[in-house]
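*Asks:* Dropping a prediction and its sequence here:
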Amino acid sequence: MSPHAESPERAVTAAVIGLGSMGFGMAQSMKRAGIEVVGYDITPAAVERFAAEGGRGAATLREAVRDADIVVSVVVNAAQTKTVLFGADGIAAAMKPGAVFVSSATMDPAIARRLSEQVEALGLHYLDAPISGGAARAAKGELTIMASGSVEAFAAARPALDAMAAKVYELGDAAGTGAAFKMINQLLAGVHIAAACEAITFAAKQGLDLEKVYEVITASAGNSWMFENRVPHVLTGDYTPLSAIEIFVKDLGIVQDMARSERYPVPLVAAALQMYLAASGAGMGRDDDSSLARLYAQLSGAKLPGQNKEPDKA
């Protein structure tokens, strides 16, 4: 080797906490980008699947993050994020000095700010980085990430952000701003799904051809991204969860709590939240969020695809 030749840079290492539909795709996207990725999930089968596809699995949280420059947490909510960081097997005490914790969970911005303060007090970086785009885009490395944090946090997380996202919005230098942007997105998403389900089931109640309704509305001013994306689930009668009812029970609940603290009215959120709560109470909580259409059908007697069979006679 020439005395002037530079030694190769050490590969960036990352840990992904949570190998569900989103986290698995995010981990795979980083792996494709040349990042050394260790995956952890509370479900051993998820870890085994990741290992079977060329990743490296870990048996514990702390084992997963021991050598990681970047830790990407893809859990459901603030409570799980707190457990990951500060629970019995919490990683905050095990991460390398200067490593960055990238928090992708949807949460109240005030909680994101508190977690950031606690993490940074330990000599670590915290990037508030909620995600949007769904499992398919996660698998392709084409997510939208709404991020906020220090310049140092962004710099430390950059290899992972570039691998996971088509768009990274840098929204400020303090945690909480990314979370707030995500909640505006969730407000709209939750209301739009409820409106789409209300409309398509109302069309069914009118006896309209639902395939033709979909064709007409997606070419008209009443269309929305959620109508276009969710109504096909209704048309096929397939409510396999891609995004579950319980997600919007949680997220619209957070929006309502935030609004109440600001004395800000959110009547559309409140109405939509009641429908998600009703769907959850009717046993659909873990089903796809397009199951709101099934709830409207139950309330109205409308007939939807896959639900037209007469019940078996006793």
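*Replies:* Sure thing, it's come through.

*Asks:* now the strands: where do they sit in the stretch 151-300 of the chain?
*Replies:* Ranges of strands within the stretch 151-300 of the chain are 165-170, based on DSSP state E, counting those that start in this stretch.

*Asks:* Mind jotting down where the helices sit in it?
*Replies:* Under the criterion DSSP state H, counting those that start in this stretch, helices of the stretch 151-300 of the chain are mapped to 151-164, 177-205, 210-217, 225-236, 245-261, 267-279, 292-300.

*Asks:* Could you tell me how far the third one lies from the centre of the chain?
*Replies:* Which is helix 210-217. 29 Å (Cα atoms, centre = their mean, to the nearest Å).

*Asks:* How about the first one?
*Replies:* The chain centroid and the centroid of helix 151-164 are separated by 18 Å, computed with Cα atoms, centre = their mean.

*Asks:* what helices or strands is it leaning on?
*Replies:* In terms of contacts (3 or more Cβ pairs under 8 Å, 6 or more residues apart in numbering; DSSP states H and E), helix 151-164 is packed against helix 21-32, strand 70-73, strand 100-103, strand 125-128, strand 143-147, strand 165-170. C-betas here are computed from N, CA, C, even on glycine.

*Asks:* what's the angle from it to strand 165-170?
*Replies:* Put simply, helix 151-164 runs at 160 degrees to strand 165-170, going by axes from the mean of the first three to the mean of the last three Cα atoms, to 10 degrees.

*Asks:* Nearest spatial neighbour of Ser300, chain-adjacent residues omitted?
*Replies:* Lys205 (5.5 Å; Cβ to Cβ, 6 or more residues apart in numbering).

*Asks:* how about that neighbour, what does it touch?
*Replies:* Ser300, Gly301, Ala302 (Cβ atoms under 8 Å, 6 or more residues apart in numbering).

*Asks:* what does Ile217 give?
*Replies:* Counting by Cβ under 8 Å, 6+ apart, Ile217 makes contact with Ala199, Asn223, Phe227.

*Asks:* Model confidence at the residue nearest to Ser300, what's the number?
*Replies:* pLDDT for Lys205: 98.

*Asks:* Tell me how far it lies from Gln274.
*Replies:* 20 Å (Cβ to Cβ, to the nearest Å).

*Asks:* can you check Val255 too?
*Replies:* 13 Å.

*Asks:* How about Asn223?
*Replies:* Counting by Cβ to Cβ - Asn223 and Gln274 are separated by 25 Å.

*Asks:* what's the answer for Glu211, then?
*Replies:* 30 Å.

*Asks:* Give the burial count for Ser116, as a bare number.
*Replies:* 24 (other Cβ atoms under 10 Å).

*Asks:* need the contact list for the nearest residue to it once chain neighbours are set aside.
*Replies:* Distance criterion Cβ to Cβ, 6+ apart; nearest residue to Ser116, sequence neighbours excluded, is Ala175 at 3.5 Å. Shown in contact with Ala175 (Cβ under 8 Å, 6+ apart): Ser103, Ala112, Arg113, Leu115, Ser116, Tyr126, Leu127, Asp128, Ser148, Gly149.
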